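> take this sequence and fold it.
(one chain, ligands or ions: 1)
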Amino acid sequence: MAATHCDYRFISTGQDGVSNVKESSTQTEGKVQGHGPRLSKVNLFTLLSLWMELFPRRESQRRDNASVQVTGLVVVHEQRILGLHCSGAELHAGQVAVIRHGSRLKGCDLYFSRKPCSTCLKMIINAGVNRISYWPADAEMSLLSDKSEATGSHLQEAALDAAAAERLKSCSRLHICVLLQPLANSMLQFVEETSRNSDFLSRMAADDPSLDVPELFRKECWRNWNRFSKIFVIDDVEVHQELLSKMNLENFCTEPYFSELRQHMRDLIRILASVAASVPVLEHEYGFYETEPTTSGYRTLSQDVVRHCIIQAAILSYRTEDPKVGVGTVIWAEGKLPQCDGTGNMYLVGCGYNAYPVGSEYAEFPQMDDKQEERQRRKYRYIIHAEQNALTFRSADVKEEENTMLFVTKCPCDECVPLIHGTGIKQIYTTDLDSGKVKHDISYIGFNRLRDIRKFIWQRSSVVRSASEQTATHLSNGNLKSRRQGDVDSQCNKRLKN
Ligand SMILES: Nc1ccn([C@H]2C[C@H](O)[C@@H](COP(=O)(O)OP(=O)(O)OP(=O)(O)O)O2)c(=O)n1
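Reported below is the predicted structural model:
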């Protein structure tokens, strides 16, 4: 499919090979073929911007003005993520980016979950940003007439804002466009299958073999899809076309571009729904809990924020280069600056996924795992782990006086544990499915021995655990089994299955 407009581009890797936005990826270019399907960088950044819009927020971070919508933002410099943001109570996402990055925005690409308003746009243009991409649904200044508070005057303001945004766009050299790429073949299926087999769901299956994990996963996907599609997909085709026209995207309204656009949007939302289902919402039953609670001065995050960060890591894992196992990491710190972001005082330190060394060519390094008898032909000595990439290419330093937290989708291994420790990370949020094991050429022994970092592990909640411990009793067959364990398990299962 051809690019449909000189400024607004819907990037296709299709028949005519249009690729006006070349993926000048650092460590991964040219290695897509031959591996399992992986997310393109454009889609990865787009998905992360949508997910940032959904960052859980406290009452004090909520916006009062319903016609200005919460917006997620990913700041990218030379294909690397510098910041993950969302609007705060007072500030729009674009304003947050200006406050957080200042003149470092020069040359950056910004991925917004909604078309930014003119107030943000003028500052972003002024900062010398390279490119802005936004999700082609409703704008930050809502253009939808059925918004409860969108009275006539709000809509008038929104129309004026859209006109100003157009004028700013046409008078600047900045590319403001819609970047979406069709997913690689079988990507949806691959994400569904791997998310269903996530370490988080596998931990639950190991805890309770009678748990119907596929069914739990299916329900979570469905719940997520219903929620996300209401926010990110305009159900009514005519309303969507009208919106696109208001944003000067009429070229998308013609067929077959319009149907293709909607299909790509829905596909990405399905990806988001599956990845989010890999860590199900099971309040009071499962969560990230500290195994050996310490009395460190730092507060612990709420379960919904932890889950949000873990899912950021899970999204990143779909950019892996490992032929079999994708791992993602994000590192966040709690800063001392006043809260301006919708994330409170949290800021991104770094993020990464497992991949071969930067600049390596396709198949330059061994790709086999333990199935290859000859150990020198296995991948393990060549792959850079997610944590290693996140630490190496971090966008901020780790400060001794701040609480820096690492979120990773697989238990840190013995190669990474000393690095994490040495960097000054204060908290780790992960799964311990592999902890204490030596699997193939990777050892996961050191994680248990880590003492001065607080570890929060995906597990049954302490309420459920202590209920079973208190009533532990020996059954006649000699196994230690809780008397009430059966009741608790079945209650838990009932809720999980409902
Ligand atoms: N905290 C971690 C743990 C692992 N890895 C990476 C290193 C490898 O690229 C991959 C693990 O590879 P394996 O194929 O050995 O994975 P498993 O042992 O999980 O596979 P399986 O259990 O299916 O044998 O994950 C990572 O980046 N960060």
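> quick one, what contacts P418?
For P418, the contacting residues are G446, by Cβ atoms under 8 Å, 6 or more residues apart in numbering. The C-beta positions use only the backbone N, C-alpha and C, and glycine is treated the same way.
> what's the helix or strand for it?
Applying DSSP states H and E as the criterion places P418 in helix 417-423.
> got the phi/psi numbers for the nearest residue to L316 once chain neighbours are set aside?
Distance criterion Cβ to Cβ, 6 or more residues apart in numbering; nearest residue to L316, sequence neighbours excluded, is G328 at 3.4 Å. The phi/psi pair for G328 (degrees, to the nearest 10) reads phi -130, psi 150.
> so G328 versus the ligand, what's the distance?
Going from G328 to the ligand by Cβ to the nearest ligand atom, to the nearest Å gives 8 Å.
> same check, this time on K371
For K371, the distance to the ligand - Cβ to the nearest ligand atom - is 9 Å.
> buried residues, stretch 322-331. List them.
D322, V325, G326, V327, G328, T329, V330, I331 (16 or more other Cβ atoms under 10 Å).
> re the thing from before, beyond the helix holding P418, next helix or strand please.
Following helix 417-423 toward the C-terminus (DSSP H and E): strand 427-430.
> give me the low-pLDDT residue ranges for this structure?
The chain contains residues with pLDDT under 70 at 1-35, 59-66, 146-151, 294-297, 466-498.
> which residues of it lie near the ligand?
Selection of the chain residues close to the ligand by Cβ under 6 Å from any ligand atom yields 322, 324-325, 327, 354, 369, 383, 385-387, 408, 410-413, 416, 439-440, 442.
> from these, which land in strands?
Among the residues of the chain next to the ligand, DSSP state E puts V408, K439, I442 in strands.
> could those residues go into CSV alongside neighbour count?
Output for those, formatted as CSV (neighbours: other Cβ atoms under 10 Å):
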residue, neighbour count
V408, 27
K439, 11
I442, 20
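> now, which of those sits nearest the ligand?
K439 (4.0 Å; Cβ to the nearest ligand atom).
> beta-bridge partners for the closest one, please?
I442 (DSSP bridges).
> how close does it get to V325?
According to Cβ to Cβ, to the nearest Å, K439 stands 10 Å off from V325.
> try L337
Counting by Cβ to Cβ, the gap from L337 to V325 is 37 Å.
> can you tell me the SS state at the closest residue to R394 other than its chain neighbours?
Nearest-residue entry for R394: G350, 3.1 Å, with adjacent residues in sequence omitted and distances by Cβ to Cβ, 6+ apart. Here G350 is strand, with the state taken from DSSP: H, G, I helix; E, B strand; the rest coil.
> touching, G350 and G328? I think so.
No: counting by Cβ atoms under 8 Å, G350 sits too far from G328 to count as a contact (11.8 Å).
> V330 belongs to a strand?
Yes: per three-state DSSP, V330 lies within a strand segment.
> hmm, back to that, next up, the contacts around the residue nearest to R394.
Contacts of G350 by Cβ under 8 Å, 6+ apart are T329, V330, I331, A390, L391, F393, R394, S395, A396.
> now flag whichever of those is closest to T194.
T329 (16.6 Å; Cβ to Cβ).
> dig out what the closest one forms beta bridges with.
For T329, the beta-bridge partners under DSSP bridges are G352, V408.
> OK, contacts around it?
Residues near T329 by Cβ under 8 Å, 6+ apart: 313, 316, 350-353, 386-387, 389-390, 406-409.
> out of those, who's nearest A205?
Nearest to A205, judged by Cβ to Cβ, of these is T409 at 16.5 Å.
> hang on, isn't M405 packed against I331?
Yes: shown here, M405 and I331 form a contact pair, counting by Cβ under 8 Å, at 7.0 Å.
> which neighbours do the two share?
Contacts common to M405 and I331, judged by Cβ under 8 Å, 6+ apart, are I425.
> ok, so what distance separates the closest residue to the ligand within the stretch 51-200 of the chain from E387?
Nearest residue of the stretch 51-200 of the chain to the ligand (Cβ to the nearest ligand atom) works out as D199 at 8.0 Å. Distance, D199 to E387, by Cβ to Cβ: 15 Å.
> counting neighbours, go ahead and name the busier of these two.
Each of D199 and E387 has its neighbours counted (other Cβ atoms under 10 Å); E387 has more, 29 against 21.
> quick check: closest non-adjacent residue to that one.
Once flanking residues are discounted, E387 sits nearest to C416: 4.4 Å by Cβ to Cβ, 6+ apart.
> look at the one you found and say how many residues are nearby.
23.
> also G152?
Around G152 sit 8 other residues, with neighbours defined as other Cβ under 10 Å.
> what does D208 give?
15.
> again with the one 10 residues further on
The local packing count at R218 equals 14, with neighbours defined by other Cβ under 10 Å.
> so it lies in a strand, does it not?
No: per three-state DSSP, R218 lies outside any strand segment and is helix.
> that one and D212, how far apart?
For R218, the distance to D212 (Cβ to Cβ) stands at 9 Å.
> so where do the strands sit in the stretch 101-250 of the chain?
Along the stretch 101-250 of the chain, the stretches classed as strands by DSSP state E, counting those that start in this stretch are 109-112, 131-134, 175-177.
> can you classify the most centrally placed residue in the chain by secondary structure?
Residue closest to the mean C-alpha point of the chain, counted by Cα atoms, centre = their mean, is Q312 at 2.4 Å. Of the three states, Q312 takes helix under three-state DSSP.
> dump the residue contacts of it.
Counted by Cβ under 8 Å, 6+ apart, Q312 has contacts L48, W51, L84, G328, V330, C351, F407.
> adding distance to G422, write those out as CSV.
CSV is the format used below for the contacts of Q312 (distance: Cβ to Cβ, whole Å):
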residue, distance to G422
L48, 28
W51, 30
L84, 25
G328, 21
V330, 19
C351, 19
F407, 18
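> which residues are in contact with H284?
Contacts of H284 by Cβ under 8 Å, 6+ apart are S461, V463, V464.
> buried subset of those?
Of the contacts of H284, these count as buried by 16+ other Cβ under 10 Å: S461, V464.
> among the contacts of H284, which one sits closest to the ligand?
Closest to the ligand out of those is S461 (23.9 Å), distances taken as Cβ to the nearest ligand atom.
> ok, now which ones touch the closest one?
H284, E285, Y286, G287, Y289.
> now with 10 Å?
L282, E283, H284, E285, Y286, G287, Y289, Q303, A467, C492 (Cβ atoms under 10 Å, 6 or more residues apart in numbering).
> what do you get for I453?
With contact taken as Cβ under 10 Å, 6+ apart, I453 is in contact with 294, 296, 405-406, 412, 417, 420-421, 424-428, 447.
> in ChimeraX, how would I select just the buried ones from these?
Buried subset of those, written as a ChimeraX selection, criterion 16+ other Cβ under 10 Å:
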select :405,406,412,417,420,421,425,426,427,428,447
